[in-house]
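In: can you look at this prediction? I've put the sequence above it.
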Amino acid sequence: MSYLCIVIKTKGNINSPTEYKMTKMIKFTKMHGAGNDYIYVDTTKYPIESPEKLSVAWSAPHTGIGSDGLVLIGSSDKADFNMRIFNADGSEAKMCGNASRCIGKYLYEYGLTSKTAVTLDTLSGIKVLKLHVEDGRVDTVTVDMGIPADMQEQTVEACGRPFTGTTVSMGNPHLVIFVDDIKEIDLENIGPKLENHPLFPGRINVEFAQVLENGKIRMRVWERGSGITQACGTGACATAVAAALTGRAGRTSDIIMDGGTLTIEWDEKNGHVMMTGGAVRVFDGEIEIR
Ligand SMILES: N[C@@H](CCC[C@H](N)C(=O)O)C(=O)O
């Protein structure tokens, strides 16, 4: 089977062409985890040269495919597979919780692995994915997200008012702010101000959270490089960690986001954060690169 179609168009004399135009067809899969949607490309079959630019172009809702960013699946000499994640603005992040679950589903259901424990090489280290399979399909995935770091209380001003939150790194940086009523938060305006606050020179992901009853936490996220998304896996982990650290919750929380819920357990013994949730394939497609 041929996966790559290359069309070379020439202008002028064939012996001294003045311009070559190469068109490549790239097969991709659109997937989401709790509504956090990315375009997935298997780069072992479709190598990609400028993922930063393609992430911007393909993520655009009207002129592209429409997504929160681009995820590249590749091979690794340290783990079973490799993941690279690009936000909708083309910036590369070190880790993505929702994408790691979707990759687990992709690998198993497209026959790239028959393992149900898969290791994934990311810029934030090797993550272990445990696939929960039902009737040959990956229903949910548990990811060992590692040990949270850089936890600190911070007060930051935005839109003329102070916000006190907890910073948590889950490989990528988060600022988690607990509020009494999440509906009162104007995330569209406050989010970008906090993301780009001078206190965070590398920019930051921002989560607003409200504690509900029975270990449930309602959270909304403004993602660095992508804006408001329906969910953030690393953000859900950061929220659960911040809630436990500040005595607002125990070691296990259900984080309810706009697009779905993730269960987060912060293991008391080894300090690792375990994230469990679904992964959904939306459609397969083909797109041309010129
Ligand atoms: N949506 C992701 C995180 C993606 C990267 C983030 N925007 C960053 O720049 O750090 C998740 O599910 O974790």
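Out: In hand now; what should we look at?
In: how about low-confidence regions in this protein?
Out: 1-22 (pLDDT under 70).
In: so if we follow the domain assignment, how does it break up?
Out: 6-146+279-289, 149-271 (automatic domain parsing).
In: tell me where the stretch 151-290 of the chain has helices.
Out: All helices of the stretch 151-290 of the chain, identified by DSSP state H, counting those that start in this stretch, fall at 187-195, 233-245.
In: ok now stretch 172-188, how far from the chain's centre?
Out: 18 Å (Cα atoms, centre = their mean, to the nearest Å).
In: stretch 164-176 too?
Out: 15 Å.
In: same check on stretch 228-241?
Out: On the basis of Cα atoms, centre = their mean, stretch 228-241 is displaced by 9 Å from the centre of the chain it belongs to.
In: show me which residues of the stretch 51-200 of the chain sit near the ligand.
Out: Residues of the stretch 51-200 of the chain lying near the ligand by Cβ under 6 Å from any ligand atom: 85, 87, 93, 96-98, 172. The way it works is simple: take the backbone N, C-alpha and C, and place the C-beta from them, glycine included.
In: mind redoing it with 5 Å?
Out: By Cβ under 5 Å from any ligand atom, the residues of the stretch 51-200 of the chain that approach the ligand are 87, 93, 96-98, 172.
In: leaving out chain neighbours, which residue sits closest to Val128?
Out: Distances taken as Cβ to Cβ, 6 or more residues apart in numbering put Asp144 closest to Val128, at 4.5 Å, once the chain neighbours are dropped.
In: and for the one you found, the neighbour number?
Out: 19 (other Cβ atoms under 10 Å).
In: let me see the contact set for it.
Out: 127-128, 130, 272-274 (Cβ atoms under 8 Å, 6 or more residues apart in numbering).
In: now do Val141
Out: For Val141, the contacting residues are 100-101, 104-105, 129-132, 276-279, by Cβ under 8 Å, 6+ apart.
In: hmm, back to that, and the helices of the stretch 151-290 of the chain: which comes nearest Thr119?
Out: Minimum separation from Thr119 across those (Cβ to Cβ) falls at helix 233-245, 17.3 Å.
In: is the closest one positioned near the ligand?
Out: Yes - counting by Cβ under 5 Å from any ligand atom, the ligand is contacted by helix 233-245 at 233-234.
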